[in-house]
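Participant: Predicted model follows, preceded by the sequence.
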Amino acid sequence: NAGVTQTPKFQVLKTGQSMTLQCAQDMNHEYMSWYRQDPGMGLRLIHYSVGAGITDQGEVPNGYNVSRSTTEDFPLRLLSAAPSQTSVYFCASSYLQGGRGEQYFGPGTRLTVT
Amino acid sequence: AQSVAQPEDQVNVAEGNPLTVKCTYSVSGNPYLFWYVQYPNRGLQFLLKYITGDNLVKGSYGFEAEFNKSQTSFHLKKPSALVSDSALYFCAASGGNNRKLIWGLGTSLAVNP
């Protein structure tokens, strides 16, 4: 099993550009989530999904969109990049909703917005 | 409000000595408690969890954690630290009917040779 995969590993965007961060898992997990990690702020939940076709907002959803058309994939879209979105982004999956089961994390995407 | 506190930003220990990384929590109802480790430039890896049962939970890489209900703590421990244990450690908790996972800010562990 590949576990949770994320692409790209690194990305540089200019302010106003859009892009999609890809996330896929091969463990048949229903629960998937996106976090951003910033120095001194720990992990903050952006969006999550409890199954195909169902998504919801986390604590910092503004500027990001998600969709979940299949169990395996959970892409994160930045609509119009801003310097404040410079961060490391992690996708995670779990067989139980985040607060109940252990989560499996991808390797992360380091995004810089200039 | 629900919260998780990791009171130490950094912990330094000598190789071979026991280590403790502290975590206290405030959640409603029975807690679900987790420890994760993050090595440099990597994603987080699950170490161990407490849901119910024995207060001492054993996990990966020789780590264990002690659940203390009266002190609302879930400290991570290892009897003999290795240099390779140097990493960032996160505690997380959820409770009761609220399935939202609350994360601590992380503790950087440095094990010195």
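Facilitator: Good, I have the coordinates.
Participant: before we move on, which element is residue 33 in?
Facilitator: Using chain A here. Assigned by DSSP states H and E, A:Ser33 belongs to strand A:31-38.
Participant: Oops, wrong one, chain B.
Facilitator: If you go by DSSP H and E, B:Leu33 is part of strand B:31-38.
Participant: partners of that strand, with directions?
Facilitator: strand B:44-50 (antiparallel), strand B:87-95 (antiparallel) (DSSP bridges).
Participant: Now tabulate the ones you listed in a markdown table and tack on mean neighbour count and mean pLDDT.
Facilitator: All C-beta spots, glycine's among them, are computed from the backbone N, C-alpha and C. Formatted as a markdown table, these follow (neighbours: other Cβ atoms under 10 Å in any protein chain shown; pLDDT from 0 to 100):
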| stretch | mean neighbour count | mean pLDDT |
| --- | --- | --- |
| strand B:44-50 | 20 | 96 |
| strand B:87-95 | 23 | 95 |
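Participant: Please name the nearest non-neighbouring residue to the closest residue to chain A within chain B.
Facilitator: Minimum separation of chain B from chain A (Cβ to the nearest Cβ) falls at B:Ser94, amounting to 2.9 Å. The shortest distance from B:Ser94 to any non-neighbouring residue, by Cβ to Cβ, 6 or more residues apart in numbering or on different chains, is to A:Gly99 (2.9 Å).
Participant: How many residues are close by that neighbour?
Facilitator: By other Cβ atoms under 10 Å in any protein chain shown, 24 other residues sit near A:Gly99.
Participant: same check, this time on the one 4 residues further on
Facilitator: As a burial measure, the neighbour count of A:Gln103 was computed by other Cβ under 10 Å and equals 27.
Participant: for the one 3 residues further on, same thing?
Facilitator: The burial metric for A:Gly106, expressed as a neighbour count using other Cβ under 10 Å, is 26.
Participant: This completes my enquiry, with thanks.
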